[in-house]
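task: produce atomic coordinates for the following.
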Amino acid sequence: MQTSSSQVGFLVPLNDALKEEEDNTRRIEIKKGVVNVIGRDDLPFSDKRLSRKHLSLTPLPHDHASVQLIVNERRNCFGMRFGPGSDFGSCAMGVELGRLKYPSAVNSFEHIINRAKDKKIDIFLDYEGTLSPTVDDPDHAFRAALLTDDLPFSDKRLSRKHLSLTPLPHDHASVQLIVEGTNPVVIRSKDQRKKLLSREKLTIRDGDIIELIPGHYLYKYKAFDGVTKRSSPNTQKRPLIDKVEDESIKQKRLRQVSEDESLARRLQTEMNGDIQDTESSVEAIRYFKPPKDKMSSTFRLMRVKGLQPWANTSSVSVGDVIQGNVLVAVLSNYMVDMDWLLSACPTLKNIPQVLVVHGESDGRLENMKRSKPANWILHKPPLPIAWGTHHSKAMFLVYPQGVRIIVHTANLIYVDWNNKSQGLWMQDFPWKKQDNLNTGSAFETDLVDYLSALKWPEFSVKLPELGNVSFNSSFFKRFDYSSATVRLIASVPGYHTGSNIKKWGHMKLRSVLQECVFDKEFQNSPLIYQFSSLGSLDEKWMTEFAFSMSSGVSDDKKPLGLGEPLIVWPTVEDIRCSLEGYAAGSCVPSPQKNVEKAFLKKYWAKWKASHSGRCRAMPHIKTFTRYNGQNLAWFLLTSSNLSKAAWGALQKNNTQLMIRSYELGVLFLPSSATQAHAFSCTENGSTSENKCGPSIKTPEAKRTKLVSLASIHSKRMDLPDVITLPVPYELPPQRYTSEDVPWSWDRQYKKRDVFGQVWP
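Numbers count the residues shown, from 1 in each chain. Coordinates of the predicted model:
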């Protein structure tokens, strides 16, 4: 039966094998000129990821086989899976463009895409559950109801403006998809799986599969290549193929049925295998709520202004860490904005004595001197080798109860604590008891050695019960670090030889990892280098560095072997579309001569951080890790960028390590230790007492497992043997495509950013 003049198609429910169901009552009539919208209010199941106005489909004026799909909300994403050839047959040319098919084990539907007299249509669903179209021609504007039981799901994660599809002028089988919402969309095409983040584009073709929510709600895009007439949805169970249909098209349809069934089975198998990880990764940071006794075993991301609340779950600001009755403070950093710091953290004004160890010079140093409180001491450590800096970022706060040690990645300036992706670790330690004053630990040795190298001018402080004491590096031997959850990895400038060669830089990391035993899964597993400034490197040094990063043995005592590294680095588009626009690039200060070396091309990987809500918050955080899937062998949060100045370079036949700068980081390792009690310098009650006993190691203790936010274990933070680390970028990272350009700050960029600016 032919369709009426106003009817151009209908929505057909599908089963999980991509076959049309025979229940005509669930078919939805599609009328000419109607804008078709998928939103959570229109779907008969509940899922918070679906938006009320989730996506829109726009027919392309001169392409009968393509439509433009628009994600209508910035807070969510739409995913596509691309599969092998999947032509759905033919239809009336100029009426039906194609179909999106959604397979589900519970319920399915097919969304037929229609043309409206070659007019562009924007589809959105209002809060009353009606369709409200806007078209080029005002004569085609209208409203029509779409009931909630017409479509089979509802999900708040779907945005009201979720994604867009734009037909390509000279390619009838392809459309350009743009993610308009903030949540990612996944596309599969010819066994390739690609995640798209907000504002990213991709050309999709006939047969490609979309996941509206990664891992959920699969749609296949079908472009039609012939002419057919469709039956009325209320009179016939299956659409009729026109009797004049070409025999080759019939054969193609038969092949397609078999391919669709095979594809559905394969996708279902894949979904069953990775659905848990995918579910965990969607807005995963919202579930990152470590218990107090695990807080020091992980790190936290810093709060970013302008993000949705879920993205700042468990995040910290400067006022969250500097609090309570601080007696003495040491603030170690590179850049310090004194006026901002005092306004952001008024508690600092009440601390009797503050030492600022900094890297400023010239005019900025003079401004610091004018702005600082009278009782503050400024100190710039010696830099014996040219081009070195004091780059470490840490705080040491002395309380009546003990000391708080904070290692982080942000300069003490506004933009670093508000607009960037940053990380921070902290742990409180009690005073040593009288009977163990001479007892030390590896953490204590590393800390005191590093503080000694800073050579700050010794001064006297008055402390309760102790009276006047000398405040120098040895002062920090008074605290009990036996419960330390990390190892310190520091760099100090100099030409280090003999036993000192293993105390600093990448050789320190190498020596610590060589002492560790890791699970077999990390043999030859990959490495990640993520940072915000790239030094002048060569392949020889990259091999030297990778050798240190690959150190360690597995349970069978075999070396882990070299891992293949990737460099996570923002592209020009990442910077242009960031929260700050091109201005963010000033904090990714690497020139073309360093970035555009040919040998680096094989290392580039994208900054993708949708699960932490930080795709547009450009990274100033520095991290290095070895991983397998979502499991981490170890993880380093540090001030060190990827440079010889920060990590050191071996010289004189590997007998000397030359380092130019001061750096400080914390290394998270799997451990068989269990902490006896959490300790805090600022909380009332038993936790502020000296009850933080030493870590207990027993032969039968299970080694802790380090996992990322996307791990299926990440939500079980109560598990004693699982430590979740909020790695802000996705693992494994996506490699650059041929269209991606790594950011260089001395290039000119004429394409305007989100604020309408060019660079420089």
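
gap between P733 and K705?
Using C-beta to C-beta, to the nearest Å, P733 is found at 21 Å from K705. Where you see a C-beta, it was placed from the backbone N, CA and C, and this is true even at glycine.

ditto for W340
Summarising the geometry, the distance separating W340 from K705, computed by C-beta to C-beta, is 40 Å.

low-confidence ranges in the chain?
Filtered on pLDDT under 70, the chain yields the residue ranges 1-156, 160, 172, 217, 224-282, 672-677, 684-702, 714-718.

where exactly do the helices run in it?
Here the chain has its helices, by DSSP state H, at 247-281, 318-321, 338-344, 362-371, 414-418, 442-454, 505-514, 539-549, 572-576, 592-595, 644-647.

which residue ranges make up each domain of the chain?
Domain assignment for the chain, taken from automatic domain parsing, gives 7-278, 292-487, 489-724.

and stretch 503-516, what's buried?
K503, W504, G505, H506, M507, K508, L509, R510, V512, L513, C516 (16 or more other C-beta atoms under 10 Å).

check contacts around the second one.
Pointing back at W504 there. Under the criterion of C-beta atoms under 8 Å, 6 or more residues apart in numbering, the contact list for W504 reads A490, S491, V492, H496, G648, L657, I659.

list just the nearest of these to L454.
If you rank the contacts of W504 by distance to L454 using C-beta to C-beta, V492 comes first, at 8.2 Å.

quick check: the closest one touching I659?
Yes - here V492 reaches I659: they are 6.6 Å apart, a contact under C-beta atoms under 8 Å.

excluding chain neighbours, what is closest to D449?
Sequence neighbours aside, K503 is the residue nearest to D449 in space, at 6.5 Å (criterion: C-beta to C-beta, 6 or more residues apart in numbering).

same check on N367?
On the basis of C-beta to C-beta, 6+ apart, the spatially nearest residue to N367 that is not a chain neighbour turns out to be M338, at 7.4 Å.

go on, F545?
H506 (5.6 Å).

separation between the one you found and T445?
Computed with C-beta to C-beta, the distance linking H506 and T445 is 19 Å.

what's the answer for V175, then?
Going from V175 to T445 by C-beta to C-beta gives 62 Å.

which one's more surrounded, the two?
Per other C-beta atoms under 10 Å, whichever of V175 and T445 has more neighbours is V175, with 31 against 14.

the more buried one touches P169, doesn't it?
No - between V175 and P169 there is no contact, the gap being 11.1 Å when judged by C-beta under 8 Å.

next, count neighbours for V336.
With neighbours defined by other C-beta under 10 Å, the count for V336 comes to 24.

who touches it in this structure?
Applying C-beta under 8 Å, 6+ apart to V336 gives the contacts V356, H358, E360, M368, N411, L412, I413.

list only buried entries from the residues you listed.
V356, H358, E360, M368, N411, L412, I413.

would you turn these into TSV with distance to E580?
Putting the buried ones among the contacts of V336 into TSV (distance: C-beta to C-beta, whole Å) gives the following:
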residue	distance to E580
V356	26
H358	24
E360	22
M368	24
N411	15
L412	18
I413	13
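
could you list which of those belong to strands?
Among the buried ones among the contacts of V336, the members falling in strands (DSSP state E) are V356.

now Y334: closest residue in space that isn't a chain neighbour?
Nearest non-adjacent residue to Y334, counting by C-beta to C-beta, 6+ apart: G359, 4.1 Å away.

quick check on the one you found: phi, psi?
The main-chain torsion angles of G359 are listed as degrees, to the nearest 10 and equal phi -120, psi 10.

test my guess that it contacts K393.
No - counting by C-beta under 8 Å, no contact exists between G359 and K393, whose distance comes to 10.1 Å.

between the two, who's got more neighbours?
In this view G359 and K393 are compared by other C-beta under 10 Å, and K393 has more residues nearby, 27 against 22.

how close does that one get to L731?
If you go by C-beta to C-beta, the gap between K393 and L731 works out to 24 Å.

ditto for P384
When distances are taken as C-beta to C-beta, P384 and L731 turn out to be 39 Å apart.

looking at the two, which one has more neighbours?
Neighbours around P384 and L731, counted as other C-beta under 10 Å, are more numerous at L731. The numbers are 22 against 11.
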